[in-house]
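Asker: after the sequence you'll find the predicted model.
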Amino acid sequence: MDAFDLNIPASRSTASENLAAASARNGAPVCPAGATHTLEFAIDRWESEPPGMTRRFLDRRETRMFELRGANQLRSAERFGWLSIAALWLGLGARYSTAIHTDHVNVSGVDDLLTIALVDLNPTIRAVRGAGLDASDPTDPYGVIFADLAAATRTSHAVHVGDRRVGSGMVATALLERLGASS
């Protein structure tokens, strides 16, 4: 297997600026909530589904995402959706994956080798010209990168993090620490 490259910058100070610029250019994908769409998305994006992506998991995840969206917690729904998929990729199982609380995820570790901080749960608000309305982008560029990294730990031997090639096991350990699931 080849290394999986996410082009995450090596400098912590520029990580969020570069991610924001990339998101502005490409736009972060909206996290699919429905069972069928989630499965199709996983296969399209990662060429396989995470282990443990059962119908029961998909149904529980969909319910939780719709609850969050219904409560107008759009960014939290996105973060939950991405982190629940990431937890599956990391081997945490469906029960853990659907119990994730987005406000309890560590933004970074003391000796964290990852250069991305999971922050910015508040979407940018912009005025819609001529309509007198404000609109927000609920997508979560940080959550999708977290899910991509988790998938890479299962599908590649190494992951490019900034200018470094890091073993998948080390990346998985850092992600597990972020989720509060490290041993």
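Answerer: Yep, it's here. None of these values were measured; they are calculated from a predicted model.

Asker: and the helices in the protein?
Answerer: 12-26, 35-46, 55-70, 74-89, 93-97, 141-155, 168-178 (DSSP state H).

Asker: so which of those helices comes closest to residue 125?
Answerer: helix 74-89 (11.6 Å; C-beta to C-beta). (Each C-beta comes from the backbone N, C-alpha and C, glycine too.)

Asker: render the CA-only coordinates of that closest one in PDB, please.
Answerer: C-alpha atoms of helix 74-89 as PDB (Å, rounded to 0.1, in the frame of the first residue of the first chain):
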ATOM      1  CA  LEU A  74     -25.600  21.800  12.700                       C
ATOM      2  CA  ARG A  75     -21.800  21.900  13.200                       C
ATOM      3  CA  SER A  76     -22.100  19.400  16.100                       C
ATOM      4  CA  ALA A  77     -24.100  17.100  13.900                       C
ATOM      5  CA  GLU A  78     -21.300  17.200  11.300                       C
ATOM      6  CA  ARG A  79     -18.600  16.700  13.900                       C
ATOM      7  CA  PHE A  80     -20.500  13.700  15.400                       C
ATOM      8  CA  GLY A  81     -21.000  12.200  12.000                       C
ATOM      9  CA  TRP A  82     -17.300  12.400  11.000                       C
ATOM     10  CA  LEU A  83     -16.100  11.200  14.400                       C
ATOM     11  CA  SER A  84     -18.500   8.300  14.600                       C
ATOM     12  CA  ILE A  85     -17.100   7.000  11.200                       C
ATOM     13  CA  ALA A  86     -13.500   7.700  12.400                       C
ATOM     14  CA  ALA A  87     -14.100   5.700  15.500                       C
ATOM     15  CA  LEU A  88     -15.200   2.700  13.400                       C
ATOM     16  CA  TRP A  89     -12.000   3.000  11.300                       C
END
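
Asker: quick one: that helix to helix 168-178, angle?
Answerer: Here helix 74-89 runs at an angle of 140 degrees relative to helix 168-178 (axes from the mean of the first three to the mean of the last three C-alpha atoms, to 10 degrees).

Asker: on that earlier part again, so of the helices of the chain, which one's packed in deepest?
Answerer: Mean neighbour count (mean count of other C-beta atoms under 10 Å) peaks for helix 74-89 among the helices of the chain, with a mean of 26.

Asker: check contacts around residue 127.
Answerer: 133-135 (C-beta atoms under 8 Å, 6 or more residues apart in numbering).
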